[in-house]
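Asks: sequence unknown, structure follows:
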Ligand SMILES: Cc1cc2nc3c(=O)[nH]c(=O)nc-3n(C[C@H](O)[C@H](O)[C@H](O)COP(=O)(O)O)c2cc1C
């Protein structure tokens, strides 16, 4: 698939929570991204729990989700950390996306970030997420890493990212992601 101009990035928040810091982090990314990139955030809430019995025919929400991924030039994932790993909602979405035919994450550039209220800012969830993404054939960007620790202090009550250092890391990630998409996408 030829890449679009501007680059079309789909954002996934691994949290279904209304006031999610990870969804807020995606909104901050939309604000800070270079003009050569656009972001559309998809909602994971309509996806049913993965069940092989539901695959024929695929639920409409799954068809729509897979089509968003397939048409994207890159995927930006904001992962929460639940018990040292990714959330069930995010793993469920990746499981739906991993299935044949034409698994839409295969060969797809992905950038990872995360926010948690703990002291380690999703580092353990991000390690697991990289492992899962590699298994499904996605192409996760290595660096820079964006880990927002103590998210309850990094964002204000409206979900604006106030932490200047985090904003800088996020900007750097997005610039690196534009390069990564251009580097690994077929001409
Ligand atoms: C089931 C559960 C497990 C959690 N486990 C962790 C954890 O392992 N590490 C951590 O830093 N925070 C953990 N937290 C706290 C989350 O970082 C916090 O709830 C955060 O706000 C979740 O992301 P969200 O704001 O995008 O929903 C956990 C929260 C829940 C609900």
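Replies: Received it, and whenever you're ready, just let me know what you need. As the structure is a prediction and not an experimental result, all values here were calculated from the model. Numbering: from 1, shown residues only.

Asks: gap between the helix of greatest length in the chain and the chain center?
Replies: Using DSSP state H, we find that the single longest helix of the chain is helix 164-184. How far helix 164-184 lies from its chain's middle: 13 Å, per Cα atoms, centre = their mean, to the nearest Å.

Asks: Which positions in it come out as buried?
Replies: Residues of helix 164-184 classed as buried under the neighbour-count rule (16 or more other Cβ atoms under 10 Å) are 166, 167, 169, 170, 171, 173, 174, 175, 177, 178, 180, 181. Backbone N, C-alpha and C define where each C-beta goes, glycine included.

Asks: What helix or strand is the one residue sitting closest to the centre of the chain located in?
Replies: For the chain, the residue nearest the mean C-alpha position is residue 77 (1.1 Å; Cα atoms, centre = their mean). Secondary structure from DSSP states H and E places residue 77 in strand 74-79.

Asks: Is any residue of that strand near the ligand?
Replies: No - judged by Cβ under 6 Å from any ligand atom, strand 74-79 makes no contact with the ligand; its nearest approach is 7.3 Å.

Asks: Pull the contacting residues for the nearest residue to residue 97 once chain neighbours are set aside.
Replies: Closest residue to residue 97 apart from its sequence neighbours, by Cβ to Cβ, 6 or more residues apart in numbering: residue 105 at 4.9 Å. Going by Cβ atoms under 8 Å, 6 or more residues apart in numbering, residue 105 touches 69, 75, 94, 97, 98, 133, 136, 137, 138.

Asks: before we move on, what SS does the closest residue to residue 41 other than its chain neighbours have?
Replies: Leaving aside its sequence neighbours, residue 41 sits nearest to residue 11 (Cβ to Cβ, 6+ apart; 4.2 Å). On the three-state scheme (DSSP: H, G, I helix; E, B strand; the rest coil), residue 11 is labelled strand.

Asks: Tell me how far residue 11 lies from residue 3.
Replies: 17 Å (Cβ to Cβ, to the nearest Å).

Asks: what's the answer for residue 142, then?
Replies: 20 Å.

Asks: In terms of packing, which of those two has more residues around it?
Replies: Neighbour tally, residue 142 and residue 3, criterion other Cβ atoms under 10 Å: the higher count belongs to residue 3, 16 against 10.

Asks: re the thing from before, number of nearby residues for the residue nearest to residue 41?
Replies: Neighbour count of residue 11, defined by other Cβ under 10 Å: 22.

Asks: Cheers, nothing more for now.
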